[in-house]
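>>> This is a predicted model, with the sequence first.
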2 protein chains.
Amino acid sequence: MDKTEILKALAHPVRVEFLEWMKEPERHFCDQAHPLEMGICAGQFEKRCGLSQSTVSAHLSTLEKARLVKIDRVGQWAFYHRDEKTIAAFLDDLRSTL
Amino acid sequence: MDKTEILKALAHPVRVEFLEWMKEPERHFCDQAHPLEMGICAGQFEKRCGLSQSTVSAHLSTLEKARLVKIDRVGQWAFYHRDEKTIAAFLDDLRSTL
DNA sequence: TCTATATATCGAGAAACTCCGATATTGGAT
DNA sequence: ATCCAATATCGGAGTTTCTCGATATATAGA
């Protein structure tokens, strides 16, 4: 759990927004073809943030490198979901050290 | 309380370190001439982080713009201390939204 | 096999960040 | 008034981040 890497990952509002959206999938991704239990397709973020496909992919990759999200690759799709373990550990660490 | 600005301010390990040092002044700044209750002199950080005076000043300025610290200017000195109100509000907000 | 779709990666330009030395500003002391 | 010490600001070099379009990869389906 690299605190600095996580804080850098959170230092862009779009990435924070992605994490917040994933907290309530049924609210923000109700039109996804696949069941929400599988995670959120990368393309879903694209539609909602107004950025290009490659930019969204890069942001998701940043979140993944910081271990804030996990990816399940199924066929041609990448399903993203929050890594609650890392997020909780980070929040606890931040509260106790900051 | 601008969450994005705070997260960007925390996205540099030196600034996080400054905040952590200020949490225990008697431990990290025991050699300060002025009483620690006044806050921590800018020069104290310089001695401990190995960065130049101008760089330290800029980092402290970033923390101040994010309202993570407050400054008391007394004579030619600038005494810094944590703004616990902002820090607590930020941690609460992060825990509830992230 | 060929085509379409989903995602990742590459290359490049713009913007932001980091750091420094030099200079400016401020206030105290002589 | 002058000098010194503490801090802030400026200007610039180097690095990183953000974003895009183009291209690559990988899978599904006809």
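Done, it's in. Numbers count the residues shown, from 1 in each chain, chains lettered A, B, ... in the order given.
>>> Close to chain B: what parts of chain A are there?
A:3-4, A:7-8, A:10-11, A:13, A:16, A:19-20, A:23, A:87, A:91, A:94-95, A:97-98 (CB under 8 Å from any CB of the partner chain). (Glycine included, C-beta is placed from N, CA and C.)
>>> now, which of those lie close to DNA strand D?
Restricting those to those touching DNA strand D (CB under 7 Å from any atom of the strand) yields A:8, A:11.
>>> from the residues of chain A next to chain B, which ones fall inside helices?
Per DSSP state H, helices hold the following members of these: A:3-4, A:7-8, A:13, A:16, A:19-20, A:23, A:87, A:91, A:94-95, A:97.
>>> would you turn these into JSON lines with pLDDT and neighbour count?
What follows is these, written out as JSON lines (pLDDT from 0 to 100; neighbours: other CB atoms under 10 Å in any protein chain shown):
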{"residue": "A:3", "pLDDT": "97", "neighbour count": "17"}
{"residue": "A:4", "pLDDT": "97", "neighbour count": "13"}
{"residue": "A:7", "pLDDT": "98", "neighbour count": "22"}
{"residue": "A:8", "pLDDT": "98", "neighbour count": "20"}
{"residue": "A:13", "pLDDT": "98", "neighbour count": "12"}
{"residue": "A:16", "pLDDT": "98", "neighbour count": "20"}
{"residue": "A:19", "pLDDT": "98", "neighbour count": "19"}
{"residue": "A:20", "pLDDT": "98", "neighbour count": "13"}
{"residue": "A:23", "pLDDT": "96", "neighbour count": "13"}
{"residue": "A:87", "pLDDT": "98", "neighbour count": "19"}
{"residue": "A:91", "pLDDT": "98", "neighbour count": "15"}
{"residue": "A:94", "pLDDT": "98", "neighbour count": "18"}
{"residue": "A:95", "pLDDT": "97", "neighbour count": "14"}
{"residue": "A:97", "pLDDT": "95", "neighbour count": "11"}
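>>> Can you give me the neighbour number for the residue nearest to residue A:21 when sequence neighbours are not counted?
Spatial nearest neighbour of residue A:21, excluding adjacent residues (CB to CB, 6 or more residues apart in numbering or on different chains): residue A:28 at 4.3 Å. Neighbour count of residue A:28, defined by other CB atoms under 10 Å in any protein chain shown: 19.
>>> now swap in residue A:61 and tell me
13.
>>> Three-state assignment for the closest residue to residue A:86 other than its chain neighbours, please.
Closest residue to residue A:86 apart from its sequence neighbours, by CB to CB, 6+ apart: residue A:67 at 4.6 Å. Following DSSP: H, G, I helix; E, B strand; the rest coil, residue A:67 is assigned to coil.
>>> Name the residues of chain A found near DNA strand D, please.
So far as CB under 7 Å from any atom of the strand goes, chain A lies against DNA strand D at A:8, A:11-12, A:14, A:50-55, A:58-59, A:62, A:75-76.
>>> Many thanks, have a good one.
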